[in-house]
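Sequence first, predicted model second:
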Amino acid sequence: MSGGHRSGVGAITVTSLLWGTTGTAATFAPGAGPLAIGAAALGIGGILQAVIAVPALRSARPALRANLPLVLLGAAAVAVYPLAFYSAMHLAGVAVGSVVSLASAPLASGVLERLVDRHPLSRWWMLAASLGTAGSTLLCLSTAHGAASSSPAGAALPGIALGLVAGTTYATYSWVAHRLMARGIGRAASMGAVFGAGGTLLLPVLAVTGAPLVASTGPFLVAAYMALVPMFAGYLLFGYGLARVSASTATTVTLSEPAMAAVLAVVVVSERLTPTGWTGLAVIALVLVVLSFAPTNAGPGGRGSPEEADRDRPGSPPSDPEESLSVRGPVGSDAGTERP
């Protein structure tokens, strides 16, 4: 287990804890719909990612242009994800919507890496993904036990379908960002390009649906918090982690998000967690232990991070893509200018 892999898992764990606060935060803006919440959170947060990455984006322009289809795919996934995710929770309930979204993401990531990257799925990853899905399901059952659903009648199935869309798009933009880094594009440029473009696509949705967020101080503060903390700061940490672990490992680690949401529901909203729920929390904690101490080469591709995947290739970048002295295009090609 390398220190870089473990720090990547740690960074993504902190990210998922920040993301786990969004459901509780949204309860303080009851007048805002799921589209407004999603567009504000990742629209503004994504554009801020691009703003702080402007120098890196300028340096990486040739490499990003060479990988434009990949960037556009990631941007589209970023734009769809929050709309599907918050709509899934609105229709199917917070517990079911979030669990379906997050539990399907590592499975979608594994499929992408297996079919597109031709990476075999390791036993360590399959163990962690199975445990994470089981733990999240236990949390879902615990939350639903003894409580009447507030979702509209007949809305559960559309909500579950949207949850699957959210999980797939989350896996897609994670895979895209990881793949850009593996091709020698720095972390800031990769995340800034994908999330900046995706955030821009969300602005029209925010313009149409966002009026309730500025109608009073409370909803505005909720939107500001979600954009700045879980989305902006959270995705900075997520990018740091993606530079060190595979996309499927990252999405598996973020199964700790519903665990954080459950704990906040108990502490802040005074909900009760059944023994089944506490068991689910323990299982998810075990997932983090498994991924933290698994061999570094036990990821889906046998290599857990972009730098490890390219280590044996000529001209490969140093261990952190942001420390690279040059911006490269497709692996093995020189696509940019020297960085200061």
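Structure's in. What do you need?

Leu107 and Val80, how far apart?
18 Å (C-beta to C-beta, to the nearest Å). From N, CA and C alone the C-beta is placed, and that goes for glycine too.

Show me the shaky parts of the stretch 101-250 of the chain.
Along the stretch 101-250 of the chain, the parts satisfying pLDDT under 70 run over 142-155.

where exactly do the helices run in it?
Assigned by DSSP state H, counting those that start in this stretch, the helices in the stretch 101-250 of the chain fall at 123-144, 156-182, 187-209, 217-226, 234-242, 247-253.

and the ones you listed as CSV, adding distance to Phe85 and mean neighbour count?
Shown next, in CSV, are the helices of the stretch 101-250 of the chain (distance: least, C-beta to C-beta, whole Å; neighbours: other C-beta atoms under 10 Å):
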stretch, distance to Phe85, mean neighbour count
helix 123-144, 14, 21
helix 156-182, 4, 23
helix 187-209, 12, 23
helix 217-226, 12, 18
helix 234-242, 14, 25
helix 247-253, 13, 31
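
Wait, Ser248 touches Gly110, no?
Yes: using C-beta atoms under 8 Å, Ser248 makes contact with Gly110 at a distance of 4.7 Å.

Point to the residue nearest the middle of the chain.
Tyr170 (5.6 Å; C-alpha atoms, centre = their mean).

Grab the nearest non-local neighbour of it.
Ala105 (4.6 Å; C-beta to C-beta, 6 or more residues apart in numbering).

Then Ala171?
Leaving aside its sequence neighbours, Ala171 sits nearest to Ala108 (C-beta to C-beta, 6+ apart; 3.6 Å).

and if you look at Leu203?
Once flanking residues are discounted, Leu203 sits nearest to Gly43: 5.6 Å by C-beta to C-beta, 6+ apart.

now the one you found: how far from Ile37?
Taking C-beta to C-beta as the measure, Gly43 falls 10 Å from Ile37.

which residues are in contact with both of the two?
Common contacts of Gly43 and Ile37 (C-beta atoms under 8 Å, 6 or more residues apart in numbering): Pro82.

of all the helices of the stretch 101-250 of the chain, which lies closest to Val9?
helix 247-253 (5.7 Å; C-beta to C-beta).

With just CA atoms, put that closest one into CSV.
Listed next in CSV are the C-alpha coordinates belonging to helix 247-253 (Å, rounded to 0.1, in the frame of the first residue of the first chain):
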residue,chain,number,x,y,z
ALA,A,247,-12.3,5.9,-10.8
SER,A,248,-13.9,2.7,-9.6
THR,A,249,-12.1,2.8,-6.3
ALA,A,250,-13.0,6.5,-5.9
THR,A,251,-16.7,5.8,-6.6
THR,A,252,-16.6,2.9,-4.2
VAL,A,253,-15.1,5.0,-1.4
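
same for it, what does it pack against?
Helix 247-253 is packed against helix 3-19, helix 94-115, helix 123-144, helix 156-182, helix 234-242, helix 275-293, with contacts defined by 3 or more C-beta pairs under 8 Å, 6 or more residues apart in numbering; DSSP states H and E.

rewinding a little: out of the helices of the stretch 101-250 of the chain, which is closest to Ser59?
Minimum separation from Ser59 across these (C-beta to C-beta) falls at helix 187-209, 7.1 Å.

export the helices of the stretch 101-250 of the chain to a markdown table and tack on distance to Ser101?
Below are the helices of the stretch 101-250 of the chain laid out as a markdown table (distance: least, C-beta to C-beta, whole Å):
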| stretch | distance to Ser101 |
| --- | --- |
| helix 123-144 | 10 |
| helix 156-182 | 4 |
| helix 187-209 | 17 |
| helix 217-226 | 16 |
| helix 234-242 | 16 |
| helix 247-253 | 11 |
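
Quick one, which of these gets closest to Asp117.
helix 156-182 (7.8 Å).

Next, the angle from the closest one to helix 3-19.
150 degrees (axes from the mean of the first three to the mean of the last three C-alpha atoms, to 10 degrees).

what helices or strands is helix 156-182 leaning on?
helix 68-92, helix 94-115, helix 187-209, helix 234-242, helix 247-253, helix 306-309.

follow-up on the earlier one: out of the helices of the stretch 101-250 of the chain, which comes closest to Thr274?
In terms of C-beta to C-beta, the element of these nearest to Thr274 is helix 123-144, at 4.6 Å.
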